[in-house]
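>>> Predicted model and sequence follow; I will ask about them next.
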Amino acid sequence: MDELLLKEDLPLDTDVRDFAIYCIGEIDLLAEIKILSDEETDNDIIYEKDGISYICLFDIWHAIDLIENDLELKGKGYSDKVIGDRLIEYRKNDA
């Protein structure tokens, strides 16, 4: 969700519509996060590889849209933790 995370994890010529944010094991703010391609996961909500279970939090474009529009979190001075908590709350209860 952090722009720096995306720049580090994705090639510069990558379209964010082709990737999703996955939590390892469970959807939780403390869970390890991975950015995985739609090509790799076939857009599965639960994806398993090498005995590791990945659960889709959001497509990257959807997380960006939620932050900027639906949840109105962008530019309000919220910490990354507050934004992360709100995204997870939304995913668990509203998505």
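Done, it's in.

>>> so what does the strand ranked longest in the chain touch, helix or strand wise?
Secondary structure assigned by DSSP state E gives strand 52-59 as the longest strand of the chain. For strand 52-59, the packing partners by 3 or more C-beta pairs under 8 Å, 6 or more residues apart in numbering; DSSP states H and E come out as strand 19-24, strand 33-37, helix 38-41, strand 46-49, helix 80-93. C-betas here are computed from N, CA, C, even on glycine.

>>> for the second one, what is the average pLDDT?
Which is strand 33-37. Average pLDDT, strand 33-37: 93.

>>> In the sheet, which strands lie alongside that strand, parallel or antiparallel?
The strands that strand 33-37 pairs with in its sheet are strand 19-24 (antiparallel) (by DSSP bridges).

>>> Give me the contacts around the strand it pairs with.
With contact meaning C-beta atoms under 8 Å, 6 or more residues apart in numbering, strand 19-24 is reached by 1, 10, 31-38, 41, 43, 47, 52-60, 63.

>>> buried sites along it?
19-23 (16 or more other C-beta atoms under 10 Å).

>>> of those, closest to Ser79?
Nearest to Ser79, judged by C-beta to C-beta, of the buried residues of strand 19-24 is Ile21 at 18.3 Å.

>>> show me the contacts for Leu87.
1, 57-58, 63, 66-67, 71.

>>> what's the farthest-apart pair in those?
It's Leu57 and Leu71 that sit farthest apart of the contacts of Leu87, by C-beta to C-beta, at 13.8 Å.

>>> which of those two has more neighbours?
Leu57 (26 against 18; other C-beta atoms under 10 Å).

>>> Contact partners for that one?
Contacts of Leu57 (C-beta under 8 Å, 6+ apart): 20-23, 27, 33, 63, 87-88, 91.

>>> No further questions, thank you.
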